[in-house]
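Asks: Just a sequence and a predicted model for now, questions to come.
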Amino acid sequence: MKNNLLKYFLLAFIIIGCDSGSEKESPTKGTLKLFVSETVAPLADGLAERFEHLYTDANIEVHSTSAREAVAHLLTDSVELIIISRQLTQDEQELVTKHELNIHPHEIAKSGFILIVNDNNPIKGLRISQLDSIYDGKLKYWKDLGWKGSSSKLQFYLPGRNSDVYDYSVDKFSNTKTLPNNFYTVSTVDSVIDIVASHSNTIAMLGLNYFDKSYTDIKFLELSDRSEVTDSLGVSGIYFPPEQAYVYRNHYPLQIPVYIYSNIKSVGLASGFVSFVSSVQGQKIVQNNRLVPATMPVRIIQLNKEEKKQ
């Protein structure tokens with residue numbers, strides 16, 4: 001009897017000792033590795049910082065990378081969450097279906113893409129039809145876009161070939177899925193901005209949350225779209241800057257949803273972070289990052305736009 005009792009207390013001591021030393025994850029406690037495309041990295045950093053401030057036992061590790069690499073980590077089951085500003089490609093979706101992966105999209109914002117040029121460039125806006133012609137190689141000189149007296153050939157810069165900016169722009173504008181020889185890719189968004197800031201004949205496409213008027217030596221182009229959508233809204237031919245109000249009202253033409261893609265296997269920090277991003281506090285951070293919230297009402301007080309026909 002004594003031996004059995006002794007064994008019982010010894011077993012109980014071992015269990016209690018093991019439990020007291022372990023850290024169980026919860027929706028507000030633990031460590032989460034989050035891979036995000038470079039276009040939405042500032043948003044992800046802001047969301048992670050606020051979540052950690054609210055829940056001090058949480059640690060969100062944000063890794064900025066290309067969209068394709070982020071998806072690869074998700075599909076190989078090395079992370080539970082990624083944030084990218086595009087949908088899964090057909091090839092990626094086929095892998096999900098083939099291997100019966102438990103991947104779920106959560107739309108968290110409406111984003112878009114912006115065009116920047118050097119501040120010395122006199123061009124203020126482009127039509128989408130002109131952008132089509134640039135991607136098709138039909139327009140290669142700034143004089144053909146209205147820069148009088150210029151003999152410069154335009155140089156178009158994009159982030160790396162695995163970026164969501166590259167995927168979106170080639171898919172939307174290039175009929176052949178290849179780019180003319182005056183298009184260039186560099187590894188980071190910061191490198192793209194530095195190149196445009198120092199070369200007057202350059203143009204580049206970036207993610208919407210890099211629309212920051214405090215930048216010097218670059219400016220942001222306004223865009224005009226003559227599609228059926230803008231015609232039905234009565235704004236055909238009007239040029240719009242990439243302001244939140246115009247993205248929200250679908251006036252600004254280059255826009256796309258931002259998604260969290262999840263592969264969550266249990267109720268833990270990943271599920272808590274997804275809930276936070278969809279909450280009022282999380283969506284406020286989306287708004288502060290110059291994007292349009294997806295899960296809360298948007299109040300537009302004033303557009304402050306002098307709308308003029310071009």
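Replies: Here it is on my side, so go on. Numbers count the residues shown, from 1 in each chain.
Asks: going forward, measure contacts and count neighbours with C-alpha atoms only.
Replies: OK.
Asks: Straight-line length of stretch 242-262, end to end?
Replies: 29 Å (CA to CA, to the nearest Å).
Asks: buried stuff in that stretch?
Replies: 242-248, 251-262 (16 or more other CA atoms under 10 Å).
Asks: just stretch 271-288 next, same as before
Replies: Using 16+ other CA under 10 Å as the test for burial, stretch 271-288 gives 271, 273-274, 276-278, 282-287.
Asks: Can you pick out the ones from those residues that are in helices?
Replies: Under the assignment DSSP state H, the buried residues of stretch 271-288 contribute 271, 273-274, 276-278, 282-287 to helices.
Asks: Report all helices and strands that the helix or strand containing residue 112 contacts.
Replies: Using DSSP states H and E, residue 112 sits within strand 104-118. Using 3 or more CA pairs under 8 Å, 6 or more residues apart in numbering; DSSP states H and E, the elements in contact with strand 104-118 are helix 189-198, strand 202-207, strand 218-220, helix 244-248, strand 255-262, helix 280-288, strand 292-293.
Asks: same thing but 6 Å
Replies: Helices and strands touching strand 104-118, by 3 or more CA pairs under 6 Å, 6 or more residues apart in numbering; DSSP states H and E, are strand 202-207, strand 218-220, strand 255-262, strand 292-293.
Asks: Might you quantify the distance of it from its chain's geometric centre?
Replies: Its chain's C-alpha centre and that of strand 104-118 lie 5 Å apart, by CA atoms, centre = their mean, to the nearest Å.
Asks: Show residues contacting stretch 34-41.
Replies: Here stretch 34-41 makes contact (CA atoms under 6 Å, 6 or more residues apart in numbering) with 61-67, 70, 81-84, 207.
Asks: any low-confidence regions in the chain?
Replies: Where the chain drops to pLDDT under 70, the residues are 1-23, 226-236, 297-310.
Asks: Can you show me the helices along it?
Replies: 2-21, 41-54, 67-75, 90-98, 128-135, 164-173, 189-198, 228-232, 244-248, 269-278, 280-288.
Asks: Export those to a markdown table and append columns for distance to residue 296.
Replies: Converted to a markdown table, these look like this (distance: least, CA to CA, whole Å):
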| stretch | distance to residue 296 |
| --- | --- |
| helix 2-21 | 41 |
| helix 41-54 | 16 |
| helix 67-75 | 26 |
| helix 90-98 | 28 |
| helix 128-135 | 30 |
| helix 164-173 | 25 |
| helix 189-198 | 29 |
| helix 228-232 | 24 |
| helix 244-248 | 12 |
| helix 269-278 | 8 |
| helix 280-288 | 7 |
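Asks: what about those helices, which gets the closest to residue 215?
Replies: Residue 215 lies closest, by CA to CA, to one member of the helices of the chain: helix 189-198, at 9.2 Å.
Asks: List the residues that contact the nearest residue to residue 264 once chain neighbours are set aside.
Replies: Among residues not flanking residue 264 along the chain, residue 80 sits closest, at 5.4 Å (CA to CA, 6 or more residues apart in numbering). Each residue near residue 80 by CA under 6 Å, 6+ apart is listed here: 262-264.
Asks: before we move on, the earlier item: got the angle for the strand holding residue 112 vs strand 202-207?
Replies: Between strand 104-118 and strand 202-207, the angle comes out at 160 degrees (axes from the mean of the first three to the mean of the last three CA atoms, to 10 degrees).
Asks: contacts for strand 104-118?
Replies: Counting by CA under 6 Å, 6+ apart, 196-197, 200, 203-208, 217-221, 254-262, 291-294 sit against strand 104-118.
Asks: Just put the helices and strands packed on strand 104-118 in CSV and tack on distance to residue 121.
Replies: Output for these, formatted as CSV (distance: least, CA to CA, whole Å):
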stretch, distance to residue 121
strand 202-207, 9
strand 218-220, 9
strand 255-262, 24
strand 292-293, 29
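Asks: Nearest to residue 25, out of these?
Replies: Minimum separation from residue 25 across the helices and strands packed on strand 104-118 (CA to CA) falls at strand 255-262, 17.2 Å.
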